[in-house]
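Enquirer: here are the coordinates; sequence isn't available:
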């Protein structure tokens with residue numbers, strides 16, 4: 001993702017909308033994006049659009065990825081998922097516009113008839129597909145959530161403040177739900193493959209196979225040896 005562009009789109013969408021800037025700036029200070037003094041200066045600006053412009057201008061020297069992820073997290077804390085969706089939709093539309101034309105796509109297809117596994121994953125996986133299988137992943141596959149969360153933090157798919165929010169949510173089912181909410185706010189083209197790779201790296205290839213529509217068996221807690229009757233017709237599979 002081009003985080004500079006993502007921040008530009010975020011600024012423009014915020015200028016067209018309306019948020020509680022006092023609360024937004026309070027959270028920026030808590031996240032360490034601005035100082036108390038700068039927060040006070042920004043709160044003294046007379047107009048809403050000027051506040052937005054000056055706030056984003058003050059962040060230009062910061063790491064754009066960190067700023068963007070913090071902005072999204074602040075909006076989530078403020079329960080402004082509507083704005084997060086607008087930002088994500090705008091970014092997705094920009095990705096589609098920058099994709100090859102239909103003629104170029106046909107030429108690419110003719111020159112490469114066997115896409116690599118990552119391309120295949122991107123084509124068939126989206127957060128919608130993972131969301132549809134999430135309850136089964138949680139209840140039948142029993143993926144260790146905290147281990148998965150640590151791996152996602154290592155891969156920067158989940159930032160520290162998001163991980164803390166998930167851990168503080170309460171019981172495991174609620175933690176699973178919160179993790180899904182966090183993940184699905186992110187660009188699927190980038191983060192779906194990272195999420196799937198995280199499952200592999202915590203030795204849960206079976207769960208990854210399930211999400212990708214592979215041939216993993218149903219559930220990770222299956223007891224007893226796998227029946228091999230298709231190899232040995234005399235084997236008793238009861």
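Expert: Arrived safely, thanks for sending. This one's a predicted model, so the numbers in the text were calculated from it and none came from an experiment.
Enquirer: Show me what the longest helix seen in the chain is packed up against.
Expert: Taking DSSP state H as the criterion, the chain has its longest helix at helix 81-97. Packing contacts for helix 81-97, counted by 3 or more Cβ pairs under 8 Å, 6 or more residues apart in numbering; DSSP states H and E, involve helix 3-16, helix 64-77. Placement of C-beta: from N, CA and C, glycine included.
Enquirer: And for residue 60, the neighbour number?
Expert: Burial of residue 60 is recorded as 10 neighbouring residues (other Cβ atoms under 10 Å).
Enquirer: element containing it?
Expert: Under the criterion DSSP states H and E, no helix or strand holds residue 60.
Enquirer: what stretches of this protein score poorly on pLDDT?
Expert: 1, 98-125, 214-238 (pLDDT under 70).
Enquirer: Please parse it into its domains.
Expert: For the chain, automatic domain parsing gives the domain ranges 3-97, 116-211.
Enquirer: circling back to that earlier point, got the contact list for the longest helix of the chain?
Expert: With contacts defined as Cβ atoms under 8 Å, 6 or more residues apart in numbering, helix 81-97 is touched by 1, 5-6, 9-10, 13-14, 17, 19, 72, 75-76, 185, 187, 189.
Enquirer: 7 Å instead, please
Expert: Helix 81-97 is contacted from outside by 5-6, 9-10, 13-14, 17, 72, 75-76, 185, 187, 189, using Cβ atoms under 7 Å, 6 or more residues apart in numbering.
Enquirer: in that helix, what counts as buried?
Expert: 83-84, 86-88, 90-91 (16 or more other Cβ atoms under 10 Å).
Enquirer: Spatially, which two of the contacts of helix 81-97 are the most separated?
Expert: 17 and 189 (25.0 Å; Cβ to Cβ).
Enquirer: quick one, helices of the protein?
Expert: 3-16, 21-30, 36-43, 48-57, 64-77, 81-97, 102-111, 117-124, 127-139, 145-154, 160-167, 172-183, 188-201, 205-211.
Enquirer: what's the spacing between the shortest one and its chain's center?
Expert: Looking back up the chat, that one is helix 205-211. 18 Å (Cα atoms, centre = their mean, to the nearest Å).
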